[in-house]
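**Q** quick one: sequence plus predicted model below, questions after.
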Amino acid sequence: MYNPFTLESKTILVTGASSGIGRSTAIECSKLGAKLIITGRNAERLKETFLMLVGEGHQNIEADLSDDAQIDELVEQLPNLNGLVNNAGLTETILTQFVKRENIEKVLGINTIAPILLTQKILKKKKISCGGSIVFTCSISGTCVAVGGNVLYSTSKGAIHGFVKNAALDLAVKGIRVNEVCPGMINTSILDRGKIGEEELRIEASKYPMKRFGNPNEVSYGIIYLLSDASSFVTGTGIVIDGGFTLQ
Ligand SMILES: NC(=O)c1ccc[n+]([C@@H]2O[C@H](COP(=O)([O-])OP(=O)(O)OC[C@H]3O[C@@H](n4cnc5c(N)ncnc54)[C@H](OP(=O)(O)O)[C@@H]3O)[C@@H](O)[C@H]2O)c1
């Protein structure tokens, strides 16, 4: 059947695949014919994702991306890739005046430094080649909006926004594309980890034009477009997936 978004014969690495957007992306990519390498820290949840993948030949590799040595080990184990989804991330709610070095290192370590290093090491080892697509899960936070208490998260994603544009320019001549998706609030466990209360979440959702947060698969489909050959002339840009939140 004709499908310009097919991922048949593509091998794709998804980080942060043990839950949320990464899990959904891995599953949806597998349904479109890709071979997946999935990674995360939590072995049990990573295995759960692995068992949900459609088709054969997938691989799961545990790695803590805050540790450079584990990034190196992960890269060593990788086959040649057609796609890389830099999705692993975390949030920490903190006001500007309380920020300490350890908070900066924690949030930027995973959201900014790890995906940049992983990308660099994959490129250096020539594990992604001409026709490859690199997608970052960025955010509307740090690219379009500011939210109270979100200063470090926004900073980490704003840096990725800049990286995407510059890396896209550097890699265009090699035929490797670099893009981002910028989701608004999506129903995943990251919302709990940000320690936002139920009532606060309800109020936040009511601020969305569609009166709800997004679901992980609604982000995955944007990532899939950017991974697929349907987006072969798209690089250095982002897709905002926020139910119209940033229109207001
Ligand atoms: N949900 C939202 O509202 C929203 C909005 C905009 C952007 N995003 C972005 O979307 C991405 C995915 O988040 P999510 O919402 O799906 O949250 P999630 O369900 O909490 O998933 C986060 C993933 O990142 C992985 N991760 C965290 N620290 C890691 C580390 N040190 N090493 C390796 N993996 C690590 C987690 O793995 P383990 O659990 O195995 O440690 C998990 O698989 C993040 O980059 C986030 O910033 C989310």
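**A** Good, I have the coordinates.
**Q** the worst-scoring helix or strand of the chain on mean pLDDT: what's the following helix or strand?
**A** Here the helix or strand of the chain ranked lowest by mean pLDDT, DSSP states H and E is helix 190-193, holding a mean of 74. As assigned by DSSP states H and E, the chain's next helix or strand after helix 190-193 is helix 198-206.
**Q** which bits of this protein sit near the ligand?
**A** Contact residues (CB under 6 Å from any ligand atom) of the chain with the ligand: 16, 18-22, 40-42, 45, 64-66, 87-90, 110, 137, 139, 183, 185-186, 188-190, 193. Where you see a C-beta, it was placed from the backbone N, CA and C, and this is true even at glycine.
**Q** and Gln120, helix, strand or coil?
**A** Secondary structure state of Gln120, per DSSP: H, G, I helix; E, B strand; the rest coil, is helix.
**Q** any idea how far Asn111 is from it?
**A** Counting by CB to CB, to the nearest Å, the separation of Gln120 from Asn111 is 16 Å.
**Q** got a list of what the closest residue to Glu8 other than its chain neighbours touches?
**A** Closest residue to Glu8 apart from its sequence neighbours, by CB to CB, 6 or more residues apart in numbering: Gly33 at 3.7 Å. Shown in contact with Gly33 (CB atoms under 8 Å, 6 or more residues apart in numbering): Thr6, Leu7, Glu8, Ser9, Lys10, Gly55.
**Q** one more: Lys47?
**A** Applying CB under 8 Å, 6+ apart, the residues near Lys47 are Asn60.
**Q** rerun that using 10 Å as the cut-off
**A** Neighbour list for Lys47: Ser18, Ile38, Gly40, Asn60, Glu62 [criterion: CB atoms under 10 Å, 6 or more residues apart in numbering].
**Q** next: Gly40.
**A** Shown in contact with Gly40 (CB under 10 Å, 6+ apart): 14-19, 22-23, 26, 46-47, 49, 60-65, 87-88.
**Q** list buried residues within the residues you listed.
**A** 14-19, 22-23, 26, 46, 49, 60-63, 65, 87-88 (16 or more other CB atoms under 10 Å).
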